[in-house]
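[1] 3D model of this:
(one chain, ligands or ions: 1)
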Amino acid sequence: MSKDATYKVTYFPGKGGGEILRLVLSAKGLKFEDVRLPREEWMKVKAADGPGCPPTKQLPSLTVNENGKETVLAQSGACARFLAMKFGFFGSSPEEMVIVDEAYETAMDVQRELFKIVFQQDQGEKAKLTEEFKTVSLKRLEDYVKNRSDTYGQDGYLVGKSTTLADLQLYNVIDQTIDRLGADVFAPYPELKKHMEKVKSDPKIAKWTKEMPPPQF
Ligand SMILES: N[C@@H](CCC(=O)N[C@@H](CS)C(=O)NCC(=O)O)C(=O)O
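    So this is what the prediction gives:
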């Protein structure tokens, strides 16, 4: 990695799918360009399909400038893994890496379920999905975190003895759940609460949570 690589995260003015990239860069302590496009501006970028437009024509995107070359990457998972590999947040053996990746996907499943609730217009269906989410999805996540941190983690980390993408993505989904459903939903889940506190206690993450622009949705 060249010393002068620079990074730009482009997303909408909320956490959503862009936040994991902001978290990984913040956990490394890197300054990055944090572009938050209002939807109308994004529609213009997409219609123009110019050099800065991601190849999938969806956000988030990660723009990397390294050795004089600019690359625009898409797909939040691919971008998050790329940054995690570069910065040493992806485990130190294939056996650790697969658990980091497993945790990432497990957290993503919960995030998708959360956003099904958020976008559900039918109030009856929304209440039903919320109940299932609180009793089934979060319970599954609680059991998962206990299993993996007991087996693979040390000192409160999910895998190994330092921060990985697994910790950051679990934190991200818990944090976004609190934003949408409130902190009380975690009352029955001590492992998730403990994990959240562990990640938040990292000074670089604490700095980011303090300095980030307030999400607009
Ligand atoms: N699998 C993609 C999904 C990307 C995606 O669905 N992006 C949505 C916002 S979360 C988007 O760009 N919507 C606006 C559009 O399609 O124009 C990822 O994880 O990055």
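
[2] Would you mind confirming that Thr209 is in contact with Lys200?
    Yes - contact between Thr209 and Lys200 holds when scored by CB atoms under 8 Å: they sit 6.9 Å apart. Bear in mind the C-beta positions are built from the backbone N, C-alpha and C, glycine included.

[3] okay, Asp3: pLDDT?
    Not Asp; residue 3 is Lys. According to the prediction, Lys3 has pLDDT 61.

[4] Also Ala183?
    Per-residue confidence (pLDDT) for Ala183: 98.

[5] can you check the one 4 residues further on too?
    Ala187 carries a pLDDT value of 98.

[6] what's near enough to touch it?
    Contacts for Ala187 (CB atoms under 8 Å, 6 or more residues apart in numbering) come out as none.

[7] How much space separates it from the ligand?
    29 Å (CB to the nearest ligand atom, to the nearest Å).

[8] again with Pro13
    For Pro13, the distance to the ligand (CB to the nearest ligand atom) stands at 12 Å.

[9] what about that residue, how many residues close to it?
    16 (other CB atoms under 10 Å).

[10] residues touching it, list them.
    36-38, 213, 215-217.

[11] From the residues you listed, keep the buried residues only.
    Buried members of the contacts of Pro13, scored by 16 or more other CB atoms under 10 Å, are 36-37.

[12] Can you narrow the contacts of Pro13 down to the ones near the ligand?
    The subset of the contacts of Pro13 within reach of the ligand, by CB under 6 Å from any ligand atom, is empty.

[13] which parts of the protein sit against the ligand?
    16-17, 46, 58-60, 75-77.

[14] Now do the strands in the chain.
    6-11, 33-36, 61-66, 69-74 (DSSP state E).

[15] Can you give me the domain boundaries for this protein?
    Using automatic domain parsing, the domains assigned to the chain come out as 6-87+206-211, 94-201.

[16] How many residues are close by Glu211?
    When neighbours are counted by other CB under 10 Å, Glu211 comes out with 9.

[17] which one of the contacts of Pro13 sits closest to Tyr144?
    Pro215 (26.2 Å; CB to CB).

[18] The closest one reaches Asp179, doesn't it?
    Yes - Pro215 is in contact with Asp179 according to CB under 8 Å; the separation is 7.1 Å.
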